[in-house]
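Novice: this one's structure only:
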């Protein structure tokens with residue numbers, strides 16, 4: 001998978017570089033005939049089985065350290081997501097490009113139907129350390145599809161996204177591709193690709209951050225570059241907030257259906273939620289904020305710990321919005337937005353961390369409960385630097401929330417890491433079962449110093465099972481712990497092949 005059969009052909013489309021190259025079929029891959037028709041399918045290669053993507057931005061490629069790689073774990077007839085044993089390794093070299101040190105290809109990944117490859121899932125990969133021309137670390141993102149040609153040979157087709165595609169300018173240190181997301185189908189029956197660039201400078205405000213949105217048709221088309229204090233596309237609402245140095249708007253992203261105001265009605269539509277964990281709030285640097293945007297950009301709301309009704313208050317270094325998760329909205333369940341505040345202090349104990357919940361009712365984001373390891377019933381001790389809430393993931397059924405505590409000490413083992421599950425039962429009290437550690441059944445390893453188990457969390461929905469994932473990217477070369485979300489399948493782990501360095505840094509959702 002690292003050497004193209006034929007040289008890449010480079011085209012230009014609306015400021016986007018389009019790369020198409022033919023690569024050899026991965027071992028055991030099936031020639032695609034038709035992709036799954038299941039909504040939210042994660043079938044990457046069109047064989048009818050669900051797949052998963054795991055990023056390793058520190059992987060060595062062709063002797064180049066930190067170039068980065070993404071592994072697509074292929075599913076098989078047993079119906080288990082990404083568990084056939086077959087895998088496809090994708091790097092910039094696979095795409096006919098030259099990998100460079102510090103590209104960090106795979107820093108974030110998303111796998112979902114994009115609309116330009118039938119119903120097959122497309123892979124969106126961030127490479128925030130990639131240079132664009134002479135602009136070091138400006139960053140790129142790649143939309144990658146595995147298509148069959150007329151002879152049945154898989155064809156790896158990639159579209160390169162840069163800020164030029166949204167009439168922006170790629171500048172040194174923008175880190176475009178630090179966070180990526182693929183939305184569900186919107187009211188125009190299209191999907192959107194969302195790419196965060198938290199290192200974007202706005203005027204004299206360094207690292208203020210921006211978010212680029214591309215709408216999918218036959219190819220990605222630039223829709224908007226979103227910034228605090230500026231209007232969205234087509235003269236829509238002005239985004240709340242003011243760009244300031246260190247805001248890092250776009251460092252975290254999540255999307256999903258929410259009930260928000262719009263001029264054409266009150267129906268539930270897609271929303272984009274953007275974290276700015278370095279935002280200055282009430283003069284307090286790094287307190288953090290979250291912006292919630294309705295899909296037509298007719299409404300936007302800014303949430304902080306100083307928002308009326310939110311427990312606590314904005315404090316320097318809280319990092320509110322460093323992690324985000326949005327649970328599915330159903331006929332019997334309103335949507336809940338979980339916001340991580342990993343820098344939150346508990347009394348005089350610094351960096352213990354917390355999580356805040358917001359409900360969605362009456363076209364509003366309603367502040368709800370907050371919890372931390374200082375909350376009654378939550379296992380564990382309140383310790384400095386645990387960073388409770390550094391990562392978050394809702395399960396498919398919306399009744400389980402995983403909370404990452406990647407710097408938790410396990411007995412005397414420093415920063416071994418843990419993950420706290422939280423279960424929801426309607427309006428009743430939250431339940432906090434025993435936390436997961438790397439000694440849990442089915443993990444690839446055991447608790448170790450500086451493993452940071454729980455650095456990344458994810459949720460995958462296949463046709464036959466729904467999963468929650470917990471990454472341990474610092475344990476040897478990394479691993480991903482895979483848990484059932486109500487499907488009663490045994491826990492298992494995904495492990496890397498040769499060349500990996502931080503396998504599991506990112507996992508598709």
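Specialist: Happy to help now that I have it. Worth saying up front: this structure is predicted, and the values here are computed from it rather than measured. Numbering: from 1, shown residues only.
Novice: pLDDT weak spots in the stretch 201-350 of the chain?
Specialist: For the stretch 201-350 of the chain, applying pLDDT under 70 flags the ranges 234-235, 264-266, 330-333.
Novice: which residues of it fall in strands?
Specialist: Secondary structure of the stretch 201-350 of the chain by DSSP state E, counting those that start in this stretch: the strands cover 210-216, 220-226, 252-258, 269-276, 289-294, 300-303, 323-326, 336-341.
Novice: could I get the ones you listed in TSV, plus columns for distance to residue 192 and mean neighbour count?
Specialist: Backbone N, C-alpha and C define where each C-beta goes, glycine included. Output for the strands of the stretch 201-350 of the chain, formatted as TSV (distance: least, Cβ to Cβ, whole Å; neighbours: other Cβ atoms under 10 Å):
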stretch	distance to residue 192	mean neighbour count
strand 210-216	5	25
strand 220-226	7	23
strand 252-258	8	23
strand 269-276	8	26
strand 289-294	11	24
strand 300-303	16	20
strand 323-326	15	25
strand 336-341	19	27
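Novice: mind putting these in TSV, distance to residue 89 included?
Specialist: What follows is those, written out as TSV (distance: least, Cβ to Cβ, whole Å):
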stretch	distance to residue 89
strand 210-216	25
strand 220-226	24
strand 252-258	26
strand 269-276	30
strand 289-294	35
strand 300-303	39
strand 323-326	28
strand 336-341	31
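Novice: residue 345 versus residue 198, what's the distance?
Specialist: As for residue 198, its distance to residue 345 is 23 Å (criterion: Cβ to Cβ, to the nearest Å).
Novice: looking at those two, which one has more neighbours?
Specialist: It is residue 198, of residue 198 and residue 345, that has more neighbours when counted by other Cβ atoms under 10 Å, with 28 against 19.
Novice: quick one: residues contacting the more buried one.
Specialist: Residue 198 sits next to 175, 178-179, 207, 209, 248-251, 276 when contact means Cβ atoms under 8 Å, 6 or more residues apart in numbering.
Novice: likewise for residue 84?
Specialist: Counting by Cβ under 8 Å, 6+ apart, residue 84 touches 28, 49, 73-78.
Novice: for it, which non-adjacent residue is closest in space?
Specialist: Spatial nearest neighbour of residue 84, excluding adjacent residues (Cβ to Cβ, 6 or more residues apart in numbering): residue 76 at 3.0 Å.
Novice: just to check, the one you found is in contact with residue 49?
Specialist: Yes. The pair residue 76 / residue 49 is scored as a contact, 5.6 Å apart, by Cβ atoms under 8 Å.
Novice: tell me which of those two has more neighbours.
Specialist: Per other Cβ under 10 Å, whichever of residue 76 and residue 49 has more neighbours is residue 49, with 26 against 19.
Novice: need the strands for the stretch 51-200 of the chain, in chain order.
Specialist: Along the stretch 51-200 of the chain, the segments classed as strands by DSSP E, counting those that start in this stretch run 52-56, 69-73, 87-90, 108-113, 121-127, 140-148, 154-161, 179-182, 192-197.
Novice: just put those in TSV and tack on mean neighbour count.
Specialist: TSV is the format used below for these (neighbours: other Cβ atoms under 10 Å):
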stretch	mean neighbour count
strand 52-56	30
strand 69-73	27
strand 87-90	24
strand 108-113	26
strand 121-127	30
strand 140-148	24
strand 154-161	23
strand 179-182	26
strand 192-197	29
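Novice: of all the ones you listed, which one is nearest residue 97?
Specialist: Comparison of these against residue 97 by Cβ to Cβ identifies strand 154-161 as nearest, at 8.6 Å.
Novice: residue 167: neighbour count?
Specialist: By the criterion of other Cβ under 10 Å, residue 167 has 12 neighbours.
Novice: retrieve the pLDDT associated with it.
Specialist: pLDDT for residue 167: 91.
Novice: surely it meets residue 222?
Specialist: Yes. Between residue 167 and residue 222 there is a contact under Cβ under 8 Å: 6.7 Å.
Novice: tell me how far the closest residue to residue 414 other than its chain neighbours lies from residue 438.
Specialist: With Cβ to Cβ, 6+ apart as the criterion, residue 414 has its nearest non-adjacent residue at 5.2 Å, and that residue is residue 449. Note on residue 449: its distance to residue 438, by Cβ to Cβ, is 11 Å.
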